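Participant: Pasted the sequence and its predicted model underneath.
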Amino acid sequence: MTTQIEQTRWTPPAKPPVVERGVIGWLHHNLFSSIGNSVLTIITLIVLYFGLTALLRWILNAYWLPIWENRKLFAVGPYPTLELQQPLIVLLGLCLLFGLSAGRWGSMLRDIAIGLAALLGLLALIPIGMNTQLMLAGGLGLLILGYVLGLQGVISNRLLIILWFLSLPVTFIILAGGISLPLIGAWNFATPVPTNLWGGLMLTLLLAVVGIAVSFPLGVLLALGRRSTLPVVRGFCVGYIELIRGSPLIALLFMGIVLLPLFLPPTWATPPPLIRVMVAITLFSAAYMAETVRGGLQSIASGQYEAADALGFSLVDKLRLIILPQALTKVIPALVGQFISLFKDTALVALVGLLDILGVARSVVQQPAWLGVPGGITKEVYLFTALLYFLFAYGMSFASRRLEAHLSTGQR
């Protein structure tokens with residue numbers, strides 16, 4: 001009896017049966033498992049065939065020359081050609097920062113760095129100008145160099161975070177060719193480039209990055225303020241959020257252009273339209289960010305607050321170390337959806353006189369050189385613009401999924 005029990009106990013488990021379907025079996029199981037599925041599959045294949053072949057024929061016969069001739073306009077708008085080295089310097093610096101971050105922190109940033117490297121390599125091979133191609137190749141080299149240095153740990157996390165915080169003001173200084181402050185006066189290292197000459201994809205990305213980077217912490221503060229026990233703080237936050245959410249973005253943009261200078265001291269210089277638009281976009285997005293973050297805060301069980309109080313955490317440490325990390329993790333999809341919406345909403349600045357990528361598309365369509373093209377160039381230009389929006393929006397969505405997988409959101 002003992003021998004039989006021991007033999008049964010030490011017998012290795014049997015392997016599951018091998019299921020070999022092959023291509024025919026897979027098709028039968030997934031696409032033709034029933035009469036209804038077979039009919040639906042055939043109809044879908046017919047629609048895809050005619051749709052894709054028609055789209056492919058149109059792409060091959062479309063007139064893409066206006067987009068190629070206006071590639072500089074799509075990239076940086078009316079930014080002076082003689083000063084294009086300044087946006088390229090910004091690109092080189094960002095490539096180095098991305099490389100350092102990917103090597104130091106890995107995970108999602110590594111995937112973003114790989115995508116950026118592939119894009120830089122592709123653009124460096126396209127004959128868009130020898131100097132530009134060399135700068136793009138240099139950006140690829142700096143990205144790889146930064147990644148290697150990040151892997152070796154030559155830079156600390158704190159210094160890297162500081163560099164990212166400084167990257168935004170430094171970008172504005174480089175693109176403007178210098179800086180002008182009331183107390184120290186003007187300092188220029190290159191020919192000054194006014195902000196009304198910034199445009200194209202560069203302007204769209206600047207508006208989106210500034211809106212996201214500034215509205216996110218502001219939205220967190222508003223969400224915390226709305227849950228505050230102080231009536232004045234709670235009332236202000238509730239009033240601000242409801243007022244802003246009840247107004248369309250285009251109305252806030254016009255108010256920023258027209259009314260913002262009225263709220264500034266008389267001794268201050270009137271800010272350029274770009275700054276006014278950035279303020280309006282930031283204030284608008286912060287209200288929606290606040291409601292998203294508030295949803296995450298409400299999902300935290302009261303026991304988390306009680307445990308933090310029992311351990312003697314201060315209010316700041318309780319929020320920083322316990323509450324906010326859990327709350328923000330729960331609302332990552334909603335936050336990224338808000339970021340994508342903000343990126344697309346930047347197209348509205350074309351209505352207040354700024355030449356973002358959509359404004360560039362409208363100006364290219366109206367250029368006299370292409371008015372005699374049979375069928376016009378509207379479809380080609382706007383399809384190219386939509387493709388650019390899609391690529392960046394999909395990139396943010398992909399980064400969101402990678403971040404959720406890294407944090408194991410929704411898994412135990």
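Facilitator: Okay, I see it.

Participant: Surely Ala393 touches Ile340?
Facilitator: Yes. Look at Ala393 against Ile340 with Cβ atoms under 8 Å: they come within range, at 4.8 Å. To be clear about C-beta, it is placed using only N, CA and C from the backbone, and glycine gets the same treatment.

Participant: More neighbours: which of those two?
Facilitator: Shown here are Ala393 and Ile340; by other Cβ atoms under 10 Å, Ile340 has more neighbours (19 against 16).

Participant: doesn't that one fall inside a strand?
Facilitator: No. Assignment of Ile340 by DSSP: H, G, I helix; E, B strand; the rest coil gives helix, placing it outside any strand.

Participant: so how far is Ser397 from it?
Facilitator: 7 Å (Cβ to Cβ, to the nearest Å).

Participant: swap in Ile161?
Facilitator: 25 Å.

Participant: So those two - more neighbours on which side?
Facilitator: Ser397 (15 against 11).

Participant: list the buried ones in stretch 207-214?
Facilitator: Buried positions in stretch 207-214, judged by neighbour count with 16 or more other Cβ atoms under 10 Å: 207-208, 210-212, 214.

Participant: So which of these sit within helices?
Facilitator: Here DSSP state H is the test, and the buried residues of stretch 207-214 give 207-208, 210-212, 214 as lying in helices.

Participant: can I get those in a markdown table with distance to Leu65 and pLDDT?
Facilitator: Compiled in a markdown table, these are given as follows (distance: Cβ to Cβ, whole Å; pLDDT from 0 to 100):
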| residue | distance to Leu65 | pLDDT |
| --- | --- | --- |
| Leu207 | 29 | 92 |
| Ala208 | 29 | 92 |
| Val210 | 34 | 92 |
| Gly211 | 34 | 91 |
| Ile212 | 35 | 91 |
| Val214 | 39 | 92 |
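
Participant: quick check, nearest of those residues to Glu404?
Facilitator: Ile212 (17.8 Å; Cβ to Cβ).

Participant: List the residues that contact that closest one.
Facilitator: Contacts of Ile212 were listed using Cβ atoms under 8 Å, 6 or more residues apart in numbering, and they are 285, 339, 342-343.

Participant: at 6 Å what do you get?
Facilitator: Taking Cβ atoms under 6 Å, 6 or more residues apart in numbering, we find Ile212 in contact with Phe339.

Participant: Which helix runs longest in this structure?
Facilitator: helix 378-407.

Participant: Helices of the stretch 1-150 of the chain, start to end?
Facilitator: Under the criterion DSSP state H, counting those that start in this stretch, helices of the stretch 1-150 of the chain are mapped to 2-9, 22-30, 35-61, 65-69, 71-76, 85-105, 108-125, 130-152.

Participant: Let's have those in CSV, adding mean neighbour count, mean pLDDT and distance to Val316.
Facilitator: Shown next, in CSV, are those (neighbours: other Cβ atoms under 10 Å; pLDDT from 0 to 100; distance: least, Cβ to Cβ, whole Å):
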stretch, mean neighbour count, mean pLDDT, distance to Val316
helix 2-9, 8, 53, 57
helix 22-30, 10, 76, 54
helix 35-61, 11, 91, 55
helix 65-69, 14, 89, 51
helix 71-76, 19, 89, 42
helix 85-105, 20, 88, 24
helix 108-125, 16, 79, 27
helix 130-152, 18, 85, 30
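
Participant: so which of those gets nearest Ser167?
Facilitator: Of these, nearest to Ser167 by Cβ to Cβ is helix 85-105, at 6.2 Å.
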